[in-house]
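> Structure of the sequence below:
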Amino acid sequence: MTDTLDKALSAARDAAGAAAEIIQHYWRAGVDVITKGDDTPVTVADRESELAIREILSRALPEAGIYGEEYGADDITREWLWLVDPLDGTKSFVRRTPFFSTQIALMHRGELVLGVSSAPIYGERMWAVKGRGAWLDGERVQVADTSTFSRAVISTGNVKTLTADARWEVLGQMIRDSNRIRGYGDFCHYHLLARGGVDLVVESDLNILDIAPLAVIVREAGGVFTQLDGGPVGLETRGVLAGTPAIHAEALERFRGVTIG
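Numbers count the residues shown, from 1 in each chain. Sure thing, here's the model as predicted:
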């Protein structure tokens, strides 16, 4: 398995690099925007970068299935499964905001074991393999040692679903009890969490392709990364609670104390 993970990490980093070249080209040149059936935007940058990623990953690990944002799933029942979002944050991309990234993860028998998160315009690339730590451009990173809410920095992403039930008040109380609140969103607040810049991320209304690599990275940096209810992250994940061990534990206890529906 070690050899497979070594080969997979090299391929994922190469694939992220290939996607970065395509994305940077269209960032400079501009693109037309197409609206998909789910009312979300897609561009040629999304599609060309996913094709480039798929080619590299398939060549390196032909026994693995691939589940991609733009071209769907190829045999998700295989022992190894790549999860790919070639341009996570297309809305930011088309609005000329650099908060978008390429997300590549690898699952083994349903467990996330490898992640690469590449944000070429923002200027960061993080990666992690289970048991090997989390890395930012060659330097190992670690979550902060924050243990009390009065010192915690909280960041939120998509939280529309939370506004409709009792968790909204719970989140509000956590914000009141915290040191400060930010809304970095997308890949950015998970990168910040992994390298000690924030202490808790709360996000709903997402899918596994948005956050799969980030789950590996945060965990390998010493953090905790679960669904909002504390459940394990999987293909059906729609919300995330991620943080330093102590802050995540307290936030989870608070969310578990409310009744939904």
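> The residue lying closest to Asp14 once chain neighbours are set aside: which element?
In this structure, Asp14 finds its nearest non-sequential neighbour in Ile56, 5.4 Å apart by CB to CB, 6 or more residues apart in numbering. C-beta coordinates here come from the backbone N, C-alpha and C atoms, glycine included. In this structure, Ile56 is located in helix 44-60 according to DSSP states H and E.
> Now for Leu235, how many residues are close by?
15 (other CB atoms under 10 Å).
> does it count as helix, strand or coil?
coil (DSSP: H, G, I helix; E, B strand; the rest coil).
> Mind pulling the model confidence for it?
pLDDT, Leu235: 94.
> Was I right to think it contacts Ile208?
Yes. In this structure, Leu235 is within contact of Ile208 by CB atoms under 8 Å, at 5.3 Å.
> And the biggest helix by length in the chain, what does it pack against?
What stands out as the longest helix in the chain, according to DSSP state H, is helix 2-29. For helix 2-29, the packing partners by 3 or more CB pairs under 8 Å, 6 or more residues apart in numbering; DSSP states H and E come out as helix 44-60, strand 80-88, strand 101-108, strand 111-119, strand 124-129.
> Mind checking what helix or strand follows the longest one in sequence?
Next helix or strand after helix 44-60 toward the C-terminus (DSSP H and E): strand 65-68.
> do the same with the shortest one
Beyond strand 124-129 in the direction of the C-terminus, DSSP H and E gives the next helix or strand as strand 134-136.
> Quick test: name the residue nearest the centre of the protein.
The chain has Ile211 as the residue nearest its centroid, 2.5 Å off, counting by CA atoms, centre = their mean.
> which secondary structure element contains that residue?
Applying DSSP H and E, one finds Ile211 within helix 208-220.
> Spit out the contact partners of the nearest residue to Ala64 once chain neighbours are set aside.
Excluding the flanking residues, the one nearest Ala64 by CB to CB, 6+ apart is Trp80, at 3.7 Å. Applying CB atoms under 8 Å, 6 or more residues apart in numbering, we find Trp80 in contact with Thr4, Ala8, Leu61, Glu63, Ala64, Gly65, Leu106, Met107, His108.
> Just the buried ones out of those residues, please.
Among those, the ones that count as buried by 16 or more other CB atoms under 10 Å are Thr4, Ala8, Leu61, Ala64, Gly65, Leu106, Met107, His108.
> want to throw those residues into TSV with distance to Val159?
Converted to TSV, those look like this (distance: CB to CB, whole Å):
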residue	distance to Val159
Thr4	37
Ala8	33
Leu61	36
Ala64	33
Gly65	32
Leu106	29
Met107	27
His108	31
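> Select, from those residues, the two members most distant in space.
For those, the farthest-apart pair by CB to CB is Thr4 and Gly65; their separation is 14.3 Å.
> isn't Ser58 right next to Ile66, touching?
Yes. When contacts are counted by CB under 8 Å, Ser58 is listed as touching Ile66 (6.8 Å).
> More neighbours: those two, which one.
Using other CB under 10 Å as the criterion, Ser58 and Ile66 rank with Ile66 on top: 22 against 17.
> Identify the bridge partners of that one.
Note on Ile66: beta-bridge partners by DSSP bridges are Asp74, Trp82.
> Could I get the contacting residues of it?
So Ile66 contacts Arg54, Leu57, Ser58, Ala73, Asp74, Leu81, Trp82, Val84 (CB under 8 Å, 6+ apart).
> Now, of those residues, which are buried?
For these, buried by 16+ other CB under 10 Å: Arg54, Leu57, Ser58, Leu81, Trp82, Val84.
> Is it possible to get JSON lines of those residues that adds pLDDT and distance to Arg195?
Below are the buried ones among the contacts of Ile66 laid out as JSON lines (pLDDT from 0 to 100; distance: CB to CB, whole Å):
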{"residue": "Arg54", "pLDDT": "98", "distance to Arg195": "30"}
{"residue": "Leu57", "pLDDT": "98", "distance to Arg195": "26"}
{"residue": "Ser58", "pLDDT": "96", "distance to Arg195": "32"}
{"residue": "Leu81", "pLDDT": "98", "distance to Arg195": "27"}
{"residue": "Trp82", "pLDDT": "98", "distance to Arg195": "25"}
{"residue": "Val84", "pLDDT": "98", "distance to Arg195": "24"}
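> Appreciated, that's everything.
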